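Peer 1: quick one, structure for this:
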Amino acid sequence: MEIRKLEVFCKVVELKSFTRAAEAVLLSQPTVSEHIRSLEEELGQRVIDRLGREAEPTPVGRILYKYAARMLRLHREAIESVEKYGGKLVGRIVIGSGTIPGTYILPGLIGKFRKQHSSIKATLRIAGSQLIATEVLSGKLDLGVVGARWNEKGLEWHEIFSDRLALVVRTEHPWAERKGINLNELKKEPFIFRENGSGTRKVIDKILEDNGINSTALQEVAEIGSTAAIKEAIKTGVGVSILSDKSVEHEVDCGVLATIPIEGVEFERPFYLIRRKNRELSPVAAVFWEYLRLEDRVSDSQIVGGDDM
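Peer 2: The predicted structure follows:
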């Protein structure tokens with residue numbers, strides 16, 4: 001089986017569309033269809049079900065996809081290793097991230113990294129922390145950056161960077177001018193949660209539990225899977241929420257949202273850099289892994305230096 005056909009097949013499965021796959025692999029849709037038809041002739045079985053609104057793998061296609069994804073990863077790692085041996089680092093890093101690090105931290109770091117290694121490309125997938133961890137375990141992602149840690153023995157976890165959460169309200173809210181509120185007051189206020197599986201949700205649940213409050217005691221009015229959507233809901237008066245400081249900096253500066261401390265509660269959390277245990281990273285991913293850990297150490301030393309001044 002040709003690597004190019006397998007690459008096209010995997011894109012059709014992942015994007016559930018011949019048209020979107022064609023755009024992703026820079027081919028025409030008829031060419032993508034021909035690659036799939038040729039692959040099916042070679043195997044003697046259909047691998048894509050074309051009858052529904054979306055292209056779905058057949059049972060045989062699902063089996064093939066697992067092996068094809070591994071073959072493509074090995075192919076990429078082989079090329080990277082040969083190039084590295086020749087003194088040139090080329091290839092692609094496939095990174096998964098929770099919403100906050102993926103939106104507010106990693107893009108800038110990827111840009112700095114590419115200034116040092118211009119031949120390296122990056123794919124950044126943003127999703128809930130639980131899903132990112134699952135895809136790192138399966139090998140679909142090289143590594144991940146997530147906002148919470150839990151008992152998953154198949155992963156290596158390294159604390160990296162930090163984040164501060166805050167209670168967020170719209171500026172018209174009665175609490176907006178207060179210097180702090182008691183945690184028990186939060187029970188009486190309509191509250192907007194992030195979805196289950198997000199790092200922010202896991203951390204909030206843990207902080208509340210550590211302070212003697214079950215999250216079910218809050219007056220949930222909505223569960224929303226996007227920080228941007230939660231901010232819009234707060235602005236329109238749906239409720240209040242606890243979000244990352246980083247995610248609301250612009251709105252606070254513009255005077256449309258306000259953050260309020262909760263008395264006696266520490267809302268600081270680390271992010272975690274994760275990789276699958278007992279799996280050697282590709283040369284490119286290994287270099288990026290060390291780059292992220294170095295950037296974290298540099299950030300820490302700058303903070304210490306600033307405090308000493």
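Peer 1: the nearest residue to Arg92 once chain neighbours are set aside: what's it in contact with?
Peer 2: In this structure, Arg92 finds its nearest non-sequential neighbour in Lys121, 4.5 Å apart by Cβ to Cβ, 6 or more residues apart in numbering. In this view, the C-beta of every residue, glycine as well, is placed from N, C-alpha and C. When contacts are counted by Cβ atoms under 8 Å, 6 or more residues apart in numbering, Lys121 touches 91-93.
Peer 1: now swap in Glu54 and tell me
Peer 2: By Cβ under 8 Å, 6+ apart, Glu54 lies in contact with 16-17.
Peer 1: relative to Val12, how far out is it?
Peer 2: 10 Å (Cβ to Cβ, to the nearest Å).
Peer 1: check Ser282 too.
Peer 2: Between Ser282 and Val12 the computed distance is 24 Å (Cβ to Cβ).
Peer 1: same question, Arg269
Peer 2: Distance from Arg269 to Val12, by Cβ to Cβ: 39 Å.
Peer 1: between the two, who's got more neighbours?
Peer 2: Legend: neighbour count by other Cβ atoms under 10 Å for Arg269 and Val12, higher for Val12 (29 against 24).
Peer 1: for the more buried one, which non-adjacent residue is spatially closest?
Peer 2: With sequence-adjacent residues excluded and distances taken as Cβ to Cβ, 6+ apart, Val12 is closest to Ala21, at 4.4 Å.
Peer 1: any of the contacts of Lys121 buried? List them.
Peer 2: Buried subset of the contacts of Lys121 (neighbour count, 16 or more other Cβ atoms under 10 Å): 91, 93.
Peer 1: narrow the contacts of Lys121 to those in strands?
Peer 2: Counted as lying in strands by DSSP state E, out of those, are 91-93.
Peer 1: tell me which element Leu131 falls in.
Peer 2: helix 129-138 (DSSP states H and E).
Peer 1: okay, whatever helix or strand comes next after that helix in CSV with CA atoms only?
Peer 2: Per DSSP H and E, helix 129-138 leads on to strand 143-146 as the next helix or strand towards the C-terminus. Taking C-alpha atoms only, strand 143-146 is exported to CSV below (Å, rounded to 0.1, in the frame of the first residue of the first chain):
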residue,chain,number,x,y,z
LEU,A,143,2.3,15.4,23.2
GLY,A,144,-0.3,17.5,25.0
VAL,A,145,-0.6,20.5,27.4
VAL,A,146,-3.6,20.2,29.7
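Peer 1: neighbouring contacts of strand 143-146?
Peer 2: Contacts of strand 143-146 (Cβ under 8 Å, 6+ apart): 93, 95-98, 101-102, 105-106, 129, 132-133, 135-136, 160, 199, 271-275, 281, 285, 288-289, 292.
Peer 1: just after it, pick out the following helix or strand.
Peer 2: Going down the chain from strand 143-146, the next helix or strand is strand 155-170, by DSSP H and E.
Peer 1: Val265 should be in a strand, yeah?
Peer 2: No. Per DSSP: H, G, I helix; E, B strand; the rest coil, Val265 lies outside any strand segment and is coil.
Peer 1: contacts only, for it.
Peer 2: Shown in contact with Val265 (Cβ under 8 Å, 6+ apart): 183, 207, 211.
Peer 1: just give me the neighbour total for Gly44.
Peer 2: 7.
Peer 1: gap between it and Val60?
Peer 2: Relative to Val60, and taking Cβ to Cβ, Gly44 is found at 10 Å.
Peer 1: what does Thr259 give?
Peer 2: Relative to Val60, Thr259 is positioned 53 Å away (criterion: Cβ to Cβ).
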